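1. Sequence plus predicted model, see below.
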Amino acid sequence: MENKDTQKIRKEVFQKLGLNEVEKGIFSGSWIKGTSEKIIKSKSPIDGTDLSSINAASEDNYKSVVKTSRRAYEEWSEVPAPKRGEFIKKVSTALEDAKRDLGLIVSLEVGKVITEGQGEIQEMIDVGHYATGLSRQLFGLTIASERPNHRMFEQWLPVGPVGVITAFNFPSAVWSWNSFIAAVCGDSVIWKPSSKAALTAIAVTKIVASVMEKESIPPIFSTICGGGAEIGDLISKDQSIPIVSFTGSVATGRKISKNVAERFGRSILELGGNNGVIISSKADENIAMKGLLFGALATAGQRCTTTRRAIVDSAIYKRFVSQLKDSYSNVKIGNPLENGTLVGPLIDEDAVKKYQKTIAEAQNQGGKILFGGNVIKIKGLEGGFYVEPTIIEANGKVKISEEETFAPILYVFKYDTIEEAIRIHNSVPQGLSSAIFTNDIREEEAFLCSTGSDCGIANVNTSTAGAEIGGAFGGEKNTGGGRESGSDAWKGYMRRQTVSKNYGKTLPLSQNVEFKLS
Ligand code: NAD
(Lines give C-alpha, C1' and ligand atoms only; values in the text may rest on other atoms or scores of the structure.)
Protein backbone atom coordinates (compact mmCIF):
# COMPACT_ATOMS: atom_id res chain seq x y z
CA MET A 1 0.00 0.00 0.00
CA GLU A 2 3.04 2.25 0.21
CA ASN A 3 2.67 5.78 -1.08
CA LYS A 4 4.46 8.26 1.13
CA ASP A 5 3.15 11.43 -0.47
CA THR A 6 0.43 12.91 1.75
CA GLN A 7 -1.09 15.04 -0.99
CA LYS A 8 -1.33 12.15 -3.47
CA ILE A 9 -2.98 9.95 -0.86
CA ARG A 10 -5.23 12.79 0.17
CA LYS A 11 -6.44 13.24 -3.40
CA GLU A 12 -7.12 9.55 -3.85
CA VAL A 13 -8.95 8.95 -0.58
CA PHE A 14 -10.91 12.21 -0.79
CA GLN A 15 -12.27 11.03 -4.11
CA LYS A 16 -13.10 7.55 -2.86
CA LEU A 17 -14.75 8.74 0.36
CA GLY A 18 -16.49 11.77 -1.16
CA LEU A 19 -14.60 14.25 1.04
CA ASN A 20 -14.29 17.93 0.13
CA GLU A 21 -11.89 20.79 0.65
CA VAL A 22 -14.60 22.51 2.66
CA GLU A 23 -16.94 20.37 4.75
CA LYS A 24 -20.23 21.39 6.32
CA GLY A 25 -19.39 20.01 9.76
CA ILE A 26 -22.78 18.74 10.97
CA PHE A 27 -24.77 15.64 10.12
CA SER A 28 -28.26 15.43 11.54
CA GLY A 29 -30.33 13.47 9.01
CA SER A 30 -28.73 15.64 6.31
CA TRP A 31 -25.51 17.63 6.10
CA ILE A 32 -25.81 21.12 7.59
CA LYS A 33 -23.25 23.92 7.38
CA GLY A 34 -22.03 25.00 10.80
CA THR A 35 -22.97 28.61 11.38
CA SER A 36 -20.50 29.64 14.04
CA GLU A 37 -17.83 31.94 12.70
CA LYS A 38 -15.14 29.39 13.40
CA ILE A 39 -13.51 27.15 10.83
CA ILE A 40 -11.80 23.98 11.99
CA LYS A 41 -8.61 23.46 9.98
CA SER A 42 -7.75 19.81 9.52
CA LYS A 43 -4.00 19.52 9.01
CA SER A 44 -1.72 16.54 8.66
CA PRO A 45 0.86 16.24 11.46
CA ILE A 46 2.98 14.27 8.98
CA ASP A 47 4.07 17.40 7.09
CA GLY A 48 1.79 20.20 8.30
CA THR A 49 -0.18 20.40 5.03
CA ASP A 50 -3.88 21.30 4.93
CA LEU A 51 -6.39 18.49 4.53
CA SER A 52 -9.75 20.25 4.78
CA SER A 53 -11.66 23.16 6.33
CA ILE A 54 -14.71 22.32 8.41
CA ASN A 55 -17.47 24.74 9.38
CA ALA A 56 -17.90 24.67 13.15
CA ALA A 57 -21.34 24.45 14.76
CA SER A 58 -23.10 27.27 16.61
CA GLU A 59 -25.42 26.98 19.61
CA ASP A 60 -28.45 27.16 17.27
CA ASN A 61 -27.04 24.28 15.23
CA TYR A 62 -26.61 22.30 18.44
CA LYS A 63 -30.23 22.84 19.49
CA SER A 64 -31.57 21.64 16.17
CA VAL A 65 -29.31 18.54 16.25
CA VAL A 66 -30.66 17.63 19.70
CA LYS A 67 -34.26 17.95 18.45
CA THR A 68 -33.62 15.68 15.48
CA SER A 69 -31.76 13.17 17.61
CA ARG A 70 -34.58 13.02 20.16
CA ARG A 71 -37.17 12.37 17.44
CA ALA A 72 -34.93 9.65 15.99
CA TYR A 73 -34.60 8.11 19.45
CA GLU A 74 -38.37 7.99 19.95
CA GLU A 75 -38.76 5.95 16.76
CA TRP A 76 -35.64 3.82 17.20
CA SER A 77 -36.33 2.80 20.79
CA GLU A 78 -39.43 0.96 19.58
CA VAL A 79 -37.50 -1.14 17.07
CA PRO A 80 -36.78 -4.63 18.50
CA ALA A 81 -33.18 -4.85 19.71
CA PRO A 82 -32.16 -7.71 17.36
CA LYS A 83 -33.38 -5.60 14.41
CA ARG A 84 -31.23 -2.75 15.69
CA GLY A 85 -28.35 -5.23 15.72
CA GLU A 86 -29.00 -6.15 12.09
CA PHE A 87 -28.59 -2.51 11.13
CA ILE A 88 -25.27 -2.25 13.01
CA LYS A 89 -24.10 -5.35 11.15
CA LYS A 90 -24.71 -3.50 7.88
CA VAL A 91 -22.76 -0.51 9.18
CA SER A 92 -19.86 -2.88 9.97
CA THR A 93 -19.93 -4.27 6.45
CA ALA A 94 -19.87 -0.75 4.96
CA LEU A 95 -16.90 0.13 7.18
CA GLU A 96 -15.16 -3.04 6.08
CA ASP A 97 -15.59 -2.05 2.44
CA ALA A 98 -14.05 1.37 3.15
CA LYS A 99 -11.42 0.13 5.62
CA ARG A 100 -8.33 0.95 3.55
CA ASP A 101 -9.38 4.52 2.77
CA LEU A 102 -10.73 5.33 6.22
CA GLY A 103 -7.54 3.94 7.78
CA LEU A 104 -5.51 6.20 5.51
CA ILE A 105 -7.54 9.24 6.60
CA VAL A 106 -6.71 8.34 10.23
CA SER A 107 -3.02 8.11 9.29
CA LEU A 108 -3.15 11.42 7.41
CA GLU A 109 -5.04 13.34 10.08
CA VAL A 110 -3.55 12.01 13.33
CA GLY A 111 -0.28 10.53 12.05
CA LYS A 112 -0.79 6.86 12.95
CA VAL A 113 1.48 4.40 11.15
CA ILE A 114 -0.42 2.53 8.44
CA THR A 115 -1.02 -0.69 10.38
CA GLU A 116 -2.39 1.28 13.36
CA GLY A 117 -4.62 3.41 11.11
CA GLN A 118 -6.05 0.23 9.57
CA GLY A 119 -6.32 -1.32 13.05
CA GLU A 120 -8.43 1.61 14.19
CA ILE A 121 -11.03 0.84 11.50
CA GLN A 122 -10.81 -2.89 12.22
CA GLU A 123 -11.69 -2.07 15.81
CA MET A 124 -14.89 -0.33 14.64
CA ILE A 125 -15.79 -3.35 12.50
CA ASP A 126 -15.18 -5.70 15.45
CA VAL A 127 -17.25 -3.55 17.82
CA GLY A 128 -20.04 -3.63 15.22
CA HIS A 129 -20.03 -7.45 15.19
CA TYR A 130 -19.89 -7.50 18.98
CA ALA A 131 -22.83 -5.08 19.25
CA THR A 132 -24.85 -7.17 16.79
CA GLY A 133 -24.43 -10.25 19.00
CA LEU A 134 -25.17 -8.18 22.07
CA SER A 135 -28.46 -7.02 20.58
CA ARG A 136 -29.85 -10.48 21.43
CA GLN A 137 -28.39 -10.55 24.94
CA LEU A 138 -29.66 -7.47 26.78
CA PHE A 139 -30.72 -9.63 29.70
CA GLY A 140 -32.35 -8.65 32.99
CA LEU A 141 -32.65 -10.75 36.16
CA THR A 142 -35.67 -12.37 37.76
CA ILE A 143 -35.81 -12.03 41.54
CA ALA A 144 -37.62 -14.27 44.02
CA SER A 145 -40.49 -12.29 45.56
CA GLU A 146 -41.34 -12.55 49.28
CA ARG A 147 -45.00 -11.89 48.51
CA PRO A 148 -47.34 -14.67 47.32
CA ASN A 149 -48.51 -14.49 43.69
CA HIS A 150 -45.94 -11.89 42.86
CA ARG A 151 -43.25 -11.83 40.22
CA MET A 152 -40.24 -9.54 40.33
CA PHE A 153 -37.82 -8.86 37.52
CA GLU A 154 -35.66 -6.14 36.17
CA GLN A 155 -35.69 -4.84 32.65
CA TRP A 156 -33.29 -2.60 30.79
CA LEU A 157 -34.69 0.28 28.78
CA PRO A 158 -33.13 2.82 26.45
CA VAL A 159 -32.49 6.31 27.80
CA GLY A 160 -32.54 8.80 24.93
CA PRO A 161 -29.84 10.70 23.06
CA VAL A 162 -26.37 9.89 24.39
CA GLY A 163 -23.67 12.56 24.04
CA VAL A 164 -20.32 11.14 22.93
CA ILE A 165 -17.31 13.46 23.16
CA THR A 166 -14.09 11.92 21.87
CA ALA A 167 -10.34 12.53 22.00
CA PHE A 168 -8.08 12.93 18.96
CA ASN A 169 -5.97 9.81 19.48
CA PHE A 170 -8.64 7.21 18.72
CA PRO A 171 -10.62 9.43 16.39
CA SER A 172 -13.13 6.82 15.21
CA ALA A 173 -12.80 3.62 17.29
CA VAL A 174 -13.86 5.29 20.54
CA TRP A 175 -16.99 6.64 18.84
CA SER A 176 -17.91 3.08 17.78
CA TRP A 177 -17.30 1.68 21.29
CA ASN A 178 -19.99 3.99 22.56
CA SER A 179 -22.25 4.41 19.59
CA PHE A 180 -22.73 0.85 18.38
CA ILE A 181 -23.48 -0.35 21.89
CA ALA A 182 -25.79 2.61 22.58
CA ALA A 183 -27.59 2.01 19.27
CA VAL A 184 -28.38 -1.64 19.95
CA CYS A 185 -29.59 -0.53 23.39
CA GLY A 186 -32.11 1.72 21.58
CA ASP A 187 -30.47 5.11 22.11
CA SER A 188 -29.56 7.75 19.58
CA VAL A 189 -26.09 9.31 19.67
CA ILE A 190 -24.79 12.85 19.23
CA TRP A 191 -21.04 12.78 18.50
CA LYS A 192 -18.75 15.71 19.14
CA PRO A 193 -15.37 14.63 17.81
CA SER A 194 -12.06 16.27 18.67
CA SER A 195 -11.38 19.32 16.51
CA LYS A 196 -7.93 17.79 15.92
CA ALA A 197 -9.55 14.84 14.16
CA ALA A 198 -12.78 16.26 12.73
CA LEU A 199 -12.13 15.08 9.18
CA THR A 200 -11.94 11.44 10.27
CA ALA A 201 -15.31 11.92 12.01
CA ILE A 202 -16.79 13.37 8.81
CA ALA A 203 -15.44 10.49 6.71
CA VAL A 204 -16.86 7.89 9.12
CA THR A 205 -20.19 9.74 9.34
CA LYS A 206 -20.50 9.78 5.53
CA ILE A 207 -20.30 5.98 5.44
CA VAL A 208 -22.71 5.54 8.34
CA ALA A 209 -25.15 8.13 6.92
CA SER A 210 -25.32 6.28 3.62
CA VAL A 211 -26.27 3.04 5.43
CA MET A 212 -28.91 4.88 7.52
CA GLU A 213 -30.39 6.31 4.34
CA LYS A 214 -30.34 3.02 2.43
CA GLU A 215 -31.95 1.14 5.30
CA SER A 216 -34.47 3.95 6.03
CA ILE A 217 -33.25 4.24 9.61
CA PRO A 218 -34.10 7.45 11.51
CA PRO A 219 -30.99 9.63 12.04
CA ILE A 220 -29.86 7.94 15.24
CA PHE A 221 -26.25 8.93 14.57
CA SER A 222 -25.57 12.68 14.47
CA THR A 223 -22.18 14.34 14.27
CA ILE A 224 -21.48 17.89 15.30
CA CYS A 225 -18.04 19.42 14.81
CA GLY A 226 -17.25 22.38 17.00
CA GLY A 227 -15.13 23.70 19.82
CA GLY A 228 -14.86 21.72 23.04
CA ALA A 229 -15.52 24.76 25.17
CA GLU A 230 -18.60 25.58 23.05
CA ILE A 231 -20.35 22.41 21.84
CA GLY A 232 -18.78 20.08 24.43
CA ASP A 233 -19.88 22.41 27.17
CA LEU A 234 -23.46 22.60 25.80
CA ILE A 235 -23.68 18.80 25.77
CA SER A 236 -22.45 18.46 29.34
CA LYS A 237 -24.99 21.00 30.63
CA ASP A 238 -27.97 19.82 28.59
CA GLN A 239 -30.72 18.22 30.66
CA SER A 240 -32.07 16.48 27.58
CA ILE A 241 -28.88 14.40 27.20
CA PRO A 242 -29.23 11.81 30.01
CA ILE A 243 -25.82 10.22 29.46
CA VAL A 244 -22.56 11.86 28.43
CA SER A 245 -19.68 9.59 27.52
CA PHE A 246 -16.46 11.55 27.58
CA THR A 247 -13.05 10.33 26.46
CA GLY A 248 -10.20 12.77 26.96
CA SER A 249 -7.88 14.35 29.47
CA VAL A 250 -8.36 14.37 33.23
CA ALA A 251 -8.58 18.17 33.25
CA THR A 252 -11.44 18.32 30.74
CA GLY A 253 -13.13 15.27 32.26
CA ARG A 254 -13.20 17.00 35.63
CA LYS A 255 -15.11 19.99 34.16
CA ILE A 256 -17.54 17.78 32.26
CA SER A 257 -18.30 15.48 35.16
CA LYS A 258 -19.13 18.48 37.37
CA ASN A 259 -21.56 19.84 34.77
CA VAL A 260 -23.24 16.46 34.29
CA ALA A 261 -23.45 15.74 38.03
CA GLU A 262 -24.92 19.19 38.67
CA ARG A 263 -27.98 18.22 36.62
CA PHE A 264 -28.00 14.58 37.89
CA GLY A 265 -27.09 13.20 34.48
CA ARG A 266 -24.85 10.16 34.13
CA SER A 267 -21.33 10.37 32.80
CA ILE A 268 -19.05 7.65 31.49
CA LEU A 269 -15.53 8.98 31.95
CA GLU A 270 -12.53 7.55 30.09
CA LEU A 271 -9.69 9.82 31.11
CA GLY A 272 -5.91 9.83 31.06
CA GLY A 273 -3.61 7.02 32.13
CA ASN A 274 -0.07 6.79 33.49
CA ASN A 275 0.49 3.15 32.88
CA GLY A 276 3.27 1.14 34.49
CA VAL A 277 4.82 -2.25 33.85
CA ILE A 278 6.74 -4.32 36.35
CA ILE A 279 9.56 -6.32 34.80
CA SER A 280 10.71 -9.07 37.11
CA SER A 281 14.00 -10.97 36.99
CA LYS A 282 11.74 -14.01 36.59
CA ALA A 283 10.25 -12.73 33.33
CA ASP A 284 10.82 -14.00 29.82
CA GLU A 285 12.90 -10.94 28.97
CA ASN A 286 12.33 -11.27 25.25
CA ILE A 287 8.55 -11.03 25.69
CA ALA A 288 8.96 -8.26 28.27
CA MET A 289 11.11 -6.20 25.88
CA LYS A 290 8.65 -6.61 23.00
CA GLY A 291 5.69 -5.73 25.24
CA LEU A 292 7.48 -2.70 26.62
CA LEU A 293 8.50 -1.41 23.19
CA PHE A 294 4.98 -1.70 21.80
CA GLY A 295 3.45 -0.16 24.91
CA ALA A 296 5.86 2.76 25.05
CA LEU A 297 6.18 3.58 21.35
CA ALA A 298 2.94 2.70 19.53
CA THR A 299 1.02 5.77 18.34
CA ALA A 300 4.15 7.79 19.27
CA GLY A 301 3.23 7.51 22.96
CA GLN A 302 -0.22 9.02 22.35
CA ARG A 303 -2.40 6.18 23.60
CA CYS A 304 -4.31 6.38 26.84
CA THR A 305 -2.76 2.96 27.53
CA THR A 306 0.81 3.94 26.56
CA THR A 307 3.44 2.48 28.92
CA ARG A 308 4.90 5.54 30.62
CA ARG A 309 6.71 3.85 33.53
CA ALA A 310 8.91 0.71 33.53
CA ILE A 311 9.63 -0.63 37.02
CA VAL A 312 12.53 -3.04 36.64
CA ASP A 313 13.95 -5.63 39.07
CA SER A 314 17.36 -4.43 40.32
CA ALA A 315 18.79 -7.90 39.54
CA ILE A 316 18.40 -7.27 35.78
CA TYR A 317 18.06 -3.46 35.71
CA LYS A 318 21.44 -2.58 34.22
CA ARG A 319 21.37 -5.18 31.45
CA PHE A 320 17.68 -4.74 30.64
CA VAL A 321 17.86 -0.95 30.43
CA SER A 322 20.98 -1.15 28.28
CA GLN A 323 19.15 -3.52 25.88
CA LEU A 324 16.16 -1.17 25.92
CA LYS A 325 18.40 1.67 24.77
CA ASP A 326 19.76 -0.52 21.96
CA SER A 327 16.22 -1.34 20.86
CA TYR A 328 15.25 2.35 20.91
CA SER A 329 18.21 3.17 18.67
CA ASN A 330 16.83 0.77 16.03
CA VAL A 331 13.35 2.26 15.93
CA LYS A 332 12.45 3.99 12.67
CA ILE A 333 10.91 7.41 13.32
CA GLY A 334 9.33 9.36 10.49
CA ASN A 335 6.64 9.25 7.84
CA PRO A 336 3.89 6.95 9.16
CA LEU A 337 2.88 6.20 5.57
CA GLU A 338 6.26 4.58 4.92
CA ASN A 339 6.68 0.84 5.49
CA GLY A 340 8.80 0.05 8.53
CA THR A 341 8.11 3.29 10.42
CA LEU A 342 7.23 2.54 14.02
CA VAL A 343 6.98 6.06 15.44
CA GLY A 344 5.14 8.77 13.51
CA PRO A 345 4.58 12.41 14.47
CA LEU A 346 2.93 13.96 17.51
CA ILE A 347 -0.45 15.55 16.82
CA ASP A 348 0.65 19.22 16.75
CA GLU A 349 3.10 21.94 17.78
CA ASP A 350 1.51 22.19 21.19
CA ALA A 351 2.24 18.50 21.87
CA VAL A 352 5.89 19.05 20.90
CA LYS A 353 6.12 21.95 23.36
CA LYS A 354 4.65 19.81 26.14
CA TYR A 355 7.23 17.07 25.33
CA GLN A 356 10.08 19.60 25.62
CA LYS A 357 8.69 21.16 28.79
CA THR A 358 8.27 17.78 30.49
CA ILE A 359 11.80 16.68 29.65
CA ALA A 360 13.26 19.96 30.95
CA GLU A 361 11.20 19.64 34.14
CA ALA A 362 12.21 16.00 34.65
CA GLN A 363 15.88 17.00 34.38
CA ASN A 364 15.35 19.84 36.86
CA GLN A 365 13.88 17.33 39.27
CA GLY A 366 16.94 15.06 39.03
CA GLY A 367 15.89 12.76 36.19
CA LYS A 368 18.65 11.52 33.93
CA ILE A 369 18.07 11.22 30.19
CA LEU A 370 19.24 7.79 29.10
CA PHE A 371 18.02 8.08 25.52
CA GLY A 372 16.54 10.71 23.17
CA GLY A 373 15.12 13.98 24.44
CA ASN A 374 15.21 15.97 21.20
CA VAL A 375 12.81 17.38 18.66
CA ILE A 376 13.71 16.18 15.18
CA LYS A 377 13.16 17.53 11.70
CA ILE A 378 12.69 15.01 8.95
CA LYS A 379 13.85 15.83 5.43
CA GLY A 380 10.90 16.53 3.16
CA LEU A 381 8.52 16.63 6.16
CA GLU A 382 9.77 19.86 7.74
CA GLY A 383 6.23 20.95 8.67
CA GLY A 384 5.66 17.75 10.71
CA PHE A 385 5.91 17.23 14.47
CA TYR A 386 8.54 14.60 15.24
CA VAL A 387 10.34 13.89 18.48
CA GLU A 388 12.79 11.27 19.68
CA PRO A 389 11.36 8.56 21.91
CA THR A 390 12.92 9.27 25.28
CA ILE A 391 13.99 7.21 28.29
CA ILE A 392 14.46 8.97 31.62
CA GLU A 393 15.87 7.36 34.75
CA ALA A 394 13.50 8.52 37.49
CA ASN A 395 13.98 6.42 40.63
CA GLY A 396 11.72 8.15 43.07
CA LYS A 397 12.72 11.77 42.61
CA VAL A 398 11.01 12.90 39.41
CA LYS A 399 7.63 14.29 40.43
CA ILE A 400 6.54 15.00 36.86
CA SER A 401 6.52 11.24 36.19
CA GLU A 402 3.20 11.26 38.07
CA GLU A 403 1.63 13.23 35.22
CA GLU A 404 0.54 11.99 31.81
CA THR A 405 2.46 13.72 29.02
CA PHE A 406 1.03 12.67 25.69
CA ALA A 407 4.38 11.86 24.05
CA PRO A 408 6.85 8.94 23.92
CA ILE A 409 8.57 9.56 27.26
CA LEU A 410 9.31 6.46 29.35
CA TYR A 411 10.48 6.74 32.98
CA VAL A 412 12.47 3.83 34.39
CA PHE A 413 12.56 2.83 38.04
CA LYS A 414 14.49 0.15 39.94
CA TYR A 415 12.99 -2.12 42.63
CA ASP A 416 14.24 -4.75 45.07
CA THR A 417 11.05 -6.52 46.20
CA ILE A 418 7.70 -7.17 44.52
CA GLU A 419 5.97 -5.19 47.29
CA GLU A 420 8.17 -2.18 46.49
CA ALA A 421 7.44 -2.59 42.77
CA ILE A 422 3.68 -2.56 43.39
CA ARG A 423 4.02 0.46 45.68
CA ILE A 424 5.87 2.42 42.97
CA HIS A 425 3.35 1.21 40.43
CA ASN A 426 0.32 2.43 42.41
CA SER A 427 1.88 5.74 43.47
CA VAL A 428 0.35 7.83 40.64
CA PRO A 429 -3.09 9.50 40.54
CA GLN A 430 -4.25 7.67 37.39
CA GLY A 431 -5.41 4.04 37.22
CA LEU A 432 -6.04 2.89 33.66
CA SER A 433 -3.80 0.03 32.46
CA SER A 434 -0.98 -1.97 34.03
CA ALA A 435 1.14 -5.06 33.42
CA ILE A 436 3.59 -7.41 35.04
CA PHE A 437 6.10 -9.53 33.19
CA THR A 438 6.99 -12.61 35.24
CA ASN A 439 6.78 -16.38 35.14
CA ASP A 440 6.48 -16.59 38.91
CA ILE A 441 2.91 -17.39 39.92
CA ARG A 442 3.34 -15.74 43.36
CA GLU A 443 4.40 -12.47 41.77
CA GLU A 444 1.51 -12.64 39.30
CA GLU A 445 -0.97 -13.17 42.09
CA ALA A 446 0.58 -10.38 44.19
CA PHE A 447 -0.08 -8.12 41.22
CA LEU A 448 -3.65 -9.36 40.67
CA CYS A 449 -4.88 -9.52 44.28
CA SER A 450 -6.74 -6.71 46.06
CA THR A 451 -3.51 -5.04 47.20
CA GLY A 452 -1.94 -5.42 43.76
CA SER A 453 -2.47 -3.24 40.70
CA ASP A 454 -5.05 -0.51 41.36
CA CYS A 455 -5.93 -0.13 37.67
CA GLY A 456 -9.02 -1.00 35.62
CA ILE A 457 -6.86 -3.20 33.39
CA ALA A 458 -4.17 -5.56 34.74
CA ASN A 459 -2.19 -7.69 32.29
CA VAL A 460 0.28 -10.52 32.80
CA ASN A 461 3.05 -11.00 30.24
CA THR A 462 1.49 -8.67 27.72
CA SER A 463 1.55 -4.95 27.06
CA THR A 464 -0.47 -2.22 28.79
CA ALA A 465 -1.60 -1.12 25.31
CA GLY A 466 -3.70 -2.89 22.70
CA ALA A 467 -6.83 -3.91 24.62
CA GLU A 468 -9.36 -6.26 23.04
CA ILE A 469 -12.90 -5.00 22.60
CA GLY A 470 -14.55 -7.86 24.55
CA GLY A 471 -13.29 -6.71 27.96
CA ALA A 472 -14.80 -3.70 29.73
CA PHE A 473 -12.37 -0.85 29.02
CA GLY A 474 -11.62 1.89 31.52
CA GLY A 475 -9.83 2.75 34.72
CA GLU A 476 -9.97 3.87 38.33
CA LYS A 477 -8.86 6.95 40.31
CA ASN A 478 -8.28 9.98 38.06
CA THR A 479 -9.02 7.87 35.00
CA GLY A 480 -12.65 8.42 35.92
CA GLY A 481 -14.15 4.99 36.66
CA GLY A 482 -16.10 4.65 33.40
CA ARG A 483 -16.31 1.51 31.29
CA GLU A 484 -16.97 1.44 27.56
CA SER A 485 -17.67 -1.32 25.09
CA GLY A 486 -17.05 -4.91 26.37
CA SER A 487 -18.38 -7.18 29.14
CA ASP A 488 -21.54 -5.68 30.68
CA ALA A 489 -20.59 -2.07 29.82
CA TRP A 490 -23.84 -1.93 27.78
CA LYS A 491 -25.70 -1.38 31.06
CA GLY A 492 -24.14 2.09 31.16
CA TYR A 493 -26.21 3.07 28.11
CA MET A 494 -29.58 1.92 29.49
CA ARG A 495 -31.74 2.47 32.51
CA ARG A 496 -32.64 -0.34 34.89
CA GLN A 497 -36.23 -0.76 35.90
CA THR A 498 -37.29 -3.08 38.73
CA VAL A 499 -40.77 -4.47 38.15
CA SER A 500 -43.04 -6.08 40.81
CA LYS A 501 -46.19 -7.71 39.43
CA ASN A 502 -49.10 -8.88 41.59
CA TYR A 503 -51.23 -11.51 39.87
CA GLY A 504 -53.09 -12.57 43.06
CA LYS A 505 -56.49 -11.57 44.46
CA THR A 506 -55.21 -9.75 47.56
CA LEU A 507 -52.61 -7.06 48.23
CA PRO A 508 -49.95 -8.48 50.55
CA LEU A 509 -47.33 -5.90 51.53
CA SER A 510 -43.63 -6.48 51.86
CA GLN A 511 -41.97 -6.71 55.31
CA ASN A 512 -45.39 -8.02 56.60
CA VAL A 513 -46.69 -4.48 56.91
CA GLU A 514 -50.44 -4.30 57.67
CA PHE A 515 -52.33 -1.33 56.24
CA LYS A 516 -56.04 -1.74 56.94
CA LEU A 517 -58.85 0.78 57.22
CA SER A 518 -60.56 0.37 60.62
P1 NAD B 1 -8.93 16.71 25.50
O2 NAD B 1 -9.41 16.57 26.90
O3 NAD B 1 -8.13 17.90 25.16
O4 NAD B 1 -10.18 16.71 24.49
C5 NAD B 1 -11.11 15.67 24.45
C6 NAD B 1 -12.43 16.17 23.87
O7 NAD B 1 -12.99 17.12 24.78
C8 NAD B 1 -12.31 16.88 22.54
O9 NAD B 1 -13.40 16.51 21.72
C10 NAD B 1 -12.40 18.34 22.93
O11 NAD B 1 -12.88 19.17 21.89
C12 NAD B 1 -13.41 18.27 24.07
N13 NAD B 1 -13.41 19.40 25.01
C14 NAD B 1 -12.42 20.28 25.28
N15 NAD B 1 -12.82 21.17 26.22
C16 NAD B 1 -14.08 20.84 26.57
C17 NAD B 1 -15.04 21.36 27.50
N18 NAD B 1 -14.76 22.41 28.27
N19 NAD B 1 -16.24 20.74 27.60
C20 NAD B 1 -16.52 19.65 26.87
N21 NAD B 1 -15.66 19.11 25.95
C22 NAD B 1 -14.46 19.70 25.81
O23 NAD B 1 -8.12 15.37 25.14
P24 NAD B 1 -7.26 15.02 23.85
O25 NAD B 1 -5.97 15.79 23.87
O26 NAD B 1 -8.10 15.08 22.61
O27 NAD B 1 -6.95 13.47 24.08
C28 NAD B 1 -5.92 12.99 24.87
C29 NAD B 1 -6.43 12.57 26.24
O30 NAD B 1 -7.48 11.63 26.13
C31 NAD B 1 -5.35 11.87 27.05
O32 NAD B 1 -5.42 12.31 28.38
C33 NAD B 1 -5.73 10.40 26.94
O34 NAD B 1 -5.22 9.59 27.97
C35 NAD B 1 -7.22 10.49 26.97
N36 NAD B 1 -7.83 9.29 26.42
C37 NAD B 1 -8.40 8.40 27.29
C38 NAD B 1 -8.93 7.21 26.81
C39 NAD B 1 -9.53 6.20 27.75
O40 NAD B 1 -10.25 5.34 27.28
N41 NAD B 1 -9.31 6.27 29.05
C42 NAD B 1 -8.91 6.93 25.44
C43 NAD B 1 -8.34 7.86 24.58
C44 NAD B 1 -7.80 9.05 25.09
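-> Yep, that arrived.
2. Asp50 versus the most centrally placed residue in the chain, what's the distance?
-> For the chain, Val174 is the residue whose C-alpha lies nearest the centre (C-alpha atoms, centre = their mean; 4.5 Å). Plainly put, Val174 is 25 Å away from Asp50 if you go by C-beta to C-beta, to the nearest Å. (C-beta placed from N, C-alpha, C; glycine too.)
3. Please name the strands paired to the lowest-mean-pLDDT helix or strand in the chain in the sheet, noting orientation.
-> Least confident element among the helices and strands of the chain, by mean pLDDT, DSSP states H and E: strand 484-485 (a mean of 88). As defined by DSSP bridges, the strand partners of strand 484-485 come to strand 472-473 (antiparallel).
4. got the contact list for Ala57?
-> Contacts for Ala57 (C-beta atoms under 8 Å, 6 or more residues apart in numbering) come out as 25-26, 34-36, 65, 224-226, 230-231.
5. Highest neighbour count among those?
-> Comparing these by number of neighbours (other C-beta atoms under 10 Å), Cys225 comes first, having 31 neighbours.
6. How is the chain divided into domains?
-> The record's domain split for the chain, according to automatic domain parsing, is 24-39+68-271+480-497, 275-468.
7. ok, back up a step: compute the distance between the residue nearest to the centre of the chain and the ligand, please.
-> Val174 sits 6 Å away from the ligand, going by C-beta to the nearest ligand atom, to the nearest Å.
8. so that residue sits right up against Phe246, yeah?
-> No - between Val174 and Phe246 there is no contact, the gap being 10.2 Å when judged by C-beta atoms under 8 Å.
9. Identify the contacts common to those two.
-> Joint contacts of Val174 and Phe246 (C-beta under 8 Å, 6+ apart) are Glu270.
10. Just put the contacts of Ala57 in CSV and tack on secondary structure and distance to the ligand.
-> Formatted as CSV, these follow (DSSP: H, G, I helix; E, B strand; the rest coil; distance: C-beta to the nearest ligand atom, whole Å):
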residue, secondary structure, distance to the ligand
Gly25, strand, 13
Ile26, strand, 15
Gly34, coil, 14
Thr35, coil, 18
Ser36, coil, 14
Val65, helix, 15
Ile224, strand, 11
Cys225, coil, 9
Gly226, coil, 8
Glu230, helix, 8
Ile231, helix, 8
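11. which of those lies closest to Ala300?
-> Ala300 lies nearest to Cys225 out of the contacts of Ala57, by C-beta to C-beta, at 24.2 Å.
12. before we move on, back to that, partner strands of the following helix or strand past the least confident helix or strand of the chain, parallel or antiparallel?
-> Next helix or strand after strand 484-485 toward the C-terminus (DSSP states H and E): strand 494-502. Strand 494-502 pairs in its sheet with strand 150-158 (antiparallel), by DSSP bridges.
13. which intervals of the stretch 1-150 of the chain have sub-threshold pLDDT?
-> Applying pLDDT under 70 to the stretch 1-150 of the chain flags residues 1-3.
14. Excluding sequence neighbours, find me the nearest residue to the residue of the stretch 301-450 of the chain found nearest the ligand.
-> When scored by C-beta to the nearest ligand atom, the stretch 301-450 of the chain has Cys304 as its residue closest to the ligand, at 3.2 Å. Leaving aside its sequence neighbours, Cys304 sits nearest to Gly273 (C-beta to C-beta, 6 or more residues apart in numbering; 4.8 Å).
15. Pull the number of nearby residues for the closest residue to Lys491 other than its chain neighbours.
-> Nearest non-adjacent residue to Lys491, counting by C-beta to C-beta, 6+ apart: Trp156, 6.8 Å away. By the measure other C-beta under 10 Å, the count of residues near Trp156 is 18.
16. wait, what's in contact with Trp156?
-> Contacts for Trp156 (C-beta under 8 Å, 6+ apart) come out as 138-140, 185, 491, 494-497.
17. Show me the contact partners of the least confident helix or strand of the chain.
-> Taking C-beta under 8 Å, 6+ apart as the rule, strand 484-485 contacts 127, 130, 174, 177-178, 181, 245, 247, 268, 270, 469, 472-474, 492.
18. Tell me which of those residues fall in helices.
-> The members of these that map onto helices under DSSP state H are 127, 130, 174, 177-178, 181.
19. List just the nearest of the residues you listed to Gly344.
-> Val174 (18.9 Å).
20. any idea how far Arg309 is from Ile409?
-> In terms of C-beta to C-beta, Arg309 sits 10 Å off from Ile409.
21. re the thing from before, could you work out the most separated pair of the contacts of Trp156?
-> For the contacts of Trp156, the farthest-apart pair by C-beta to C-beta is Phe139 and Arg495; their separation is 15.0 Å.
22. which one of those two has more residues nearby?
-> Arg495 (15 against 9).
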